[in-house]
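Q: Based on what follows, work out the 3D shape:
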Amino acid sequence: MDEVKVDDDVLKNFEESIAILKKMGAKISIKGKNYDISAKKLFGASIFFKRQSVTGTETFVIAGVLAEGETVLENC
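A: Residues are numbered from 1 along each chain as shown. Alright, predicted model coming up:
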């Protein structure tokens, strides 16, 4: 498989998404270039996006609906 180069902006949004998922209770395991993300249950959280992102907003609206408790998204 060819290696894909990732733009710095994409990488920053990805890192922020990983941090938010952890905040919501997800377990994240990193093995080399692979990420294993799982959760038996997600929990609501107050989320302030450092960088506005349509995809990030979509992702965390869905995560918030599935989470137990209230999820608040700001600066999305």
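
Q: Secondary structure element for Phe60, which one?
A: Element membership for Phe60, per DSSP states H and E: helix 54-66.

Q: If we go by neighbour counts, what in that helix is buried?
A: Of all the residues in helix 54-66, those buried under the rule 16 or more other CB atoms under 10 Å are 56, 60, 63-64. Glycine gets a C-beta too; all of them are placed from N, C-alpha and C.

Q: What of stretch 11-23?
A: Residues of stretch 11-23 classed as buried under the neighbour-count rule (16+ other CB under 10 Å) are 13, 16-17, 20-21.

Q: Sort out for me which of these are in helices.
A: Cross-referencing the buried residues of stretch 11-23 against helices under DSSP state H gives 13, 16-17, 20-21.

Q: Give the other helices and strands that the helix holding Phe60 contacts.
A: Using 3 or more CB pairs under 8 Å, 6 or more residues apart in numbering; DSSP states H and E as the contact definition, the elements that helix 54-66 packs against are helix 8-23, strand 72-74.

Q: Figure out how far stretch 14-33 is from the centre of its chain.
A: Using CA atoms, centre = their mean, to the nearest Å, we find the averaged C-alpha position of stretch 14-33 to lie 7 Å away from the chain's own average C-alpha position.

Q: Sorry, wrong one. I was asking about stretch 69-76.
A: Put simply, stretch 69-76 sits 13 Å off its chain's centre (CA atoms, centre = their mean).

Q: And the average pLDDT for the helix holding Phe60 is what?
A: Model confidence over helix 54-66, given as mean pLDDT, is 92.

Q: Can you tell me the closest non-neighbouring residue to the residue nearest in space to the middle of the chain?
A: Centroid-nearest residue in the chain, with CA atoms, centre = their mean: Ser17, separated by 2.6 Å. For Ser17, ignoring the flanking residues on the chain, the nearest one in space by CB to CB, 6 or more residues apart in numbering is Gly56 at 6.1 Å.
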